[in-house]
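Asks: A structural model of the following input is requested.
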Amino acid sequence: MDENKLSELLNDAVAETPPPSFTVTDVARRSERERVRHRNGVLAGSAFGVALLAGATALGVALWTGPVTTSEAAGAANPASGGNGNAAPYELPNEDNEAAAPTERGGTKDVPSETPKQGGYPDGSGGPAGPAGTPSGCEQVDRELAAALAGELPAAANVKVEDAVPVSLTCPQGSRGAAFDLPGGRISVIVFPGGVTMTTQASGVQAQAPTGDGRRVLVLSEPVSPGGTAPFGTDVQQYATELGQLY
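Replies: Coordinates of the predicted model:
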């Protein structure tokens, strides 16, 4: 067979090369996302190490000082219970003992309780626990969830795990949450139990996705003012889907 004909047959047998399924922008974005995840993982590990070292130091100090004996405790309590023993006969008592001083009628003076903080009760608590209050978990930042959300956000967001704030939504029992304040608004993520319907009236863009263990992920992007542009609002569904794959 002629070599030219053989070469033409071989060229015809080669199929056309399919177009690539990704672009250079996709590769750069994925690389930046992995870099942010690695950085946040290192920061979270460092914070855990510092907390562990502090706990070990406190335990060592407690073991070194040893338990307080009964005689030492009694000796420390006696001066405090004696009041102002060195006061002159006509000297006014200290303000610390004013609450315990008897009145002319033989009773004790009523000291008004301290003004409660905003949203609190006079006893200093945040109110009764129950379905009406924010359950445990959502009023605190979940660092693992914050690191995952920071890894999904682009580098332009410039967020760190330590910048995370608690979510401003009412969460179902057993939920976890974290949020980041951005120049254009706030983006929040909540992982809540499956079988629970979670809706919010907040303005912005929100999306949900399932997790691998049957829970749900909610991502909400809120603008600074109602009617404004939510930060990274077009990517909210993608964030929810990818975060659902991590859990």
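
Asks: Could you list every helix and strand that the longest helix along the chain packs against?
Replies: The longest helix of the chain (DSSP state H) is helix 24-65. Contacts defined by 3 or more C-beta pairs under 8 Å, 6 or more residues apart in numbering; DSSP states H and E place helix 24-65 against helix 143-152. Every residue, glycine included, has its C-beta placed from N, CA and C.

Asks: Show me what the helix it packs on is packed up against.
Replies: So helix 143-152, by 3+ C-beta pairs under 8 Å, 6+ apart, packs with helix 24-65, strand 176-182, strand 185-192, helix 236-246.

Asks: could you give the mean pLDDT of the third one?
Replies: Going back to what we said before, that points to strand 185-192. Computed over strand 185-192, the mean pLDDT rounds to 95.

Asks: Can you name the element that comes right after it?
Replies: Later in the chain than strand 185-192, the nearest helix or strand by DSSP states H and E is strand 205-210.

Asks: Can you list the strands that that following strand pairs with?
Replies: According to DSSP bridges, strand 205-210 has the following sheet partners: strand 216-223 (antiparallel).

Asks: got the angle for the partner strand vs helix 236-246?
Replies: On the basis of axes from the mean of the first three to the mean of the last three C-alpha atoms, to 10 degrees, strand 216-223 is oriented at 150 degrees to helix 236-246.

Asks: mind listing what's buried in strand 216-223?
Replies: 216-223 (16 or more other C-beta atoms under 10 Å).

Asks: What of stretch 230-240?
Replies: 230-233, 235-236, 239-240.

Asks: count of neighbours near Asp26?
Replies: 11 (other C-beta atoms under 10 Å).

Asks: picking up where we left off before, could you save the helices and strands packed on helix 143-152 as JSON lines and add columns showing distance to Gln140?
Replies: Below are the helices and strands packed on helix 143-152 laid out as JSON lines (distance: least, C-beta to C-beta, whole Å):
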{"stretch": "helix 24-65", "distance to Gln140": "14"}
{"stretch": "strand 176-182", "distance to Gln140": "8"}
{"stretch": "strand 185-192", "distance to Gln140": "13"}
{"stretch": "helix 236-246", "distance to Gln140": "19"}
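
Asks: nearest to Val161, of these?
Replies: Closest to Val161 of the helices and strands packed on helix 143-152, according to C-beta to C-beta: helix 24-65, at 5.1 Å.
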